[in-house]
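Visitor: Build the 3D model from these lines:
(chains A and B)
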Amino acid sequence: MSTSSPSRERRLSSVFVSLADSLVTGYDVVDLMQQLVDTCVELLGCDAAGLMLADSQGHLRVMASSSDAVRTLELYELQNLDGPCLESFRQGRPVGAQSLSAADSRWPNFAPVARAAGFSSVQALPMRLRDTTIGALNLFLRASNLLSDDSRALAQALADVATISVLQQRATAQHELLTEQLQRALTNRLVIEQAKGVLAERGQLGMAEAFETLRAFSRRNRLAVSSVAAEVVSGELETALLLHPDPAAQ
Amino acid sequence: MPQLPVDEAAVSVMNQSGHRGVIFATSDDVAEFEDYGFVVGDGPLADAFAAERPVLVSDLRAERQGRWPGYAEAATARHWCSVFAFPLTAEATVIGTLAFYAHRPTVLSPPHLSLISSLTKPVSRALVEHLDGSLRAGENARPADLEFLRAEVYQASGMVKAQLDVGIDEAMARLRAYAYAHERSINDVARDVVSLILRFEPDTS
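Guide: Predicted coordinates for the structure are as follows:
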């Protein structure tokens, strides 16, 4: 990498700014991941970068890759359950190897394939916030040396900001769904209470009996209680059908 | 409230179809008045919810000839002078209000508003979690946690609908009008309807 220092700083700053922006505005997590790996290759001295996030089952999936070759590698790594990315994810700490030719016993499946792809050294950095590790950033070099301390620190910092962004977006997504669910649950409850009232009055029943009538009709006709309730309240459904069910129809 | 120049506070859940229920209140008096908003349907809290903006009223006496005559009249009778209503939002959805009350005409300064601003997010979050817990618990929920649902009011509206053979909205309006005219809490009126003490005939008022 032969960019001059001030220019590299400027470009790094702008990447950090846009990562920080993503914390405030809406953004696409896949775009963010791609920006991160491309930045690592452009500005930090590595030859390839891949980012993996764990899914809800804890399996690592490739989210972004600077090239197809690395992608294949990471898929391979996944399938075989060894490699620096997996170690970094599981242990929540940086894992690297300066020379992959000495790594065969450590990573019997990953090391040969990485070498075959032209890489000599590798560095994995955890995507971690306190006790939660959500994935790992995998950096590959063709030359047999480690990244400079500065570059490694910068890569970890980028990964940290990205981790916060992903976690925040997940919290937001969960919350939105929950709020919508709550609104619907609340409305359904209220409509069910109204339907109980209608049935109680028309059938001269207590509220518990009225609810049981509603439930029994819904069960018999394989309908949701809330939708039957809505139709009772709107008048679309004749209460006689619930209160005096035809024995022959059961 | 040590830092704010107000006497009481309350949190209510609201939805688009006009439901509202008190979740939290600093006293029974303010809970009763916050609850009263459900009867009249309008007022600064309803406006804050609908417009998704704070509604700040320093002197409700002026509103008796203004925006909310019925609400303002009831407030004055109960010695509430200032009401400051803030919408509570969880992500993109308004879910209720946080309201502050004072017995004397009061103004909120920018630092006060800033403090309240910092409260609305955590209060919204707490409200969502409380609602989630209560609704999930279903039949196992504590009765106090489900009061905000006003189940009896909705049951009563269904009964009134059937008694008068009208639409559900009209039935609810009739219940509200009865509570307002007789100066009783709508929950009490609903209880009477559900326990068959009160029946609505076409001429009931």
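
Visitor: host element of the residue nearest to B:Ala141 when sequence neighbours are not counted?
Guide: Among residues not flanking B:Ala141 along the chain, B:Ser134 sits closest, at 5.2 Å (CB to CB, 6 or more residues apart in numbering or on different chains). The way it works is simple: take the backbone N, C-alpha and C, and place the C-beta from them, glycine included. Element membership for B:Ser134 (DSSP states H and E) is helix B:110-137.

Visitor: What residues does chain A have near chain B?
Guide: Residues of chain A lying close to chain B (CB under 8 Å from any CB of the partner chain) are A:172, A:175-176, A:178-180, A:182-183, A:185-187, A:189-191, A:193-202, A:207, A:233-235, A:239.

Visitor: In chain A, where is pLDDT below threshold?
Guide: Applying pLDDT under 70 to chain A flags the ranges A:1-6, A:18-30, A:56-57, A:68-80, A:172-176, A:247-250.

Visitor: In it, what residue lies closest to chain B?
Guide: Per CB to the nearest CB, A:Gly197 is where chain A lies closest to chain B, at 2.3 Å.

Visitor: what sits against that residue?
Guide: By CB atoms under 8 Å, 6 or more residues apart in numbering or on different chains, the contact set of A:Gly197 is A:207, A:210, B:154-162, B:194.

Visitor: isn't A:Arg93 right up against A:Pro126?
Guide: Yes. A:Arg93 is in contact with A:Pro126 according to CB atoms under 8 Å; the separation is 6.1 Å.

Visitor: picking up where we left off before, hmm, B:Glu147 and the residue nearest to B:Ala141 touching each other?
Guide: No. With contacts counted by CB under 8 Å, B:Ser134 stays clear of B:Glu147, the gap being 9.6 Å.

Visitor: more crowded one of those two?
Guide: B:Ser134 (22 against 17; other CB atoms under 10 Å in any protein chain shown).

Visitor: how near is that one to A:Leu100?
Guide: Using CB to CB, to the nearest Å, B:Ser134 is found at 57 Å from A:Leu100.

Visitor: and if you look at B:Ala156?
Guide: 76 Å.

Visitor: more neighbours, those two?
Guide: More neighbours surround B:Ala156 than the other of B:Ala156 and A:Leu100, with 33 against 24 (other CB under 10 Å).

Visitor: Tell me which residue in chain B sits closest to chain A.
Guide: Closest point on chain B to chain A, by CB to the nearest CB, is B:Gly158, at 2.3 Å.

Visitor: And the pLDDT for that residue?
Guide: We have a pLDDT of 97 for B:Gly158.

Visitor: A:Val198 is in contact with that one, correct?
Guide: Yes. Under the criterion of CB under 8 Å, B:Gly158 makes contact with A:Val198 at 4.1 Å.

Visitor: Can you work out which residues contact both of these two?
Guide: Here B:Gly158 and A:Val198 share the contacting residues A:Val233, scored by CB under 8 Å, 6+ apart.

Visitor: Compare those two and say which one has the larger neighbour count.
Guide: Using other CB under 10 Å as the criterion, B:Gly158 and A:Val198 rank with B:Gly158 on top: 31 against 28.

Visitor: Could you export the helix or strand containing the more buried one as PDB, CA atoms only?
Guide: Taking DSSP H and E as the definition, B:Gly158 sits inside helix B:151-164. C-alpha atoms of helix B:151-164 as PDB (Å, rounded to 0.1, in the frame of the first residue of the first chain):
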ATOM      1  CA  ALA B 151     -62.100  -4.900  30.100                       C
ATOM      2  CA  GLU B 152     -65.400  -4.000  31.700                       C
ATOM      3  CA  VAL B 153     -65.800  -0.900  29.700                       C
ATOM      4  CA  TYR B 154     -65.500  -2.800  26.500                       C
ATOM      5  CA  GLN B 155     -67.700  -5.600  27.700                       C
ATOM      6  CA  ALA B 156     -70.300  -3.000  28.700                       C
ATOM      7  CA  SER B 157     -70.100  -1.400  25.200                       C
ATOM      8  CA  GLY B 158     -70.800  -4.800  23.700                       C
ATOM      9  CA  MET B 159     -73.800  -5.200  25.900                       C
ATOM     10  CA  VAL B 160     -75.100  -1.700  25.200                       C
ATOM     11  CA  LYS B 161     -74.700  -2.300  21.500                       C
ATOM     12  CA  ALA B 162     -76.900  -5.400  21.800                       C
ATOM     13  CA  GLN B 163     -79.400  -3.600  24.100                       C
ATOM     14  CA  LEU B 164     -79.900  -0.700  21.800                       C
END
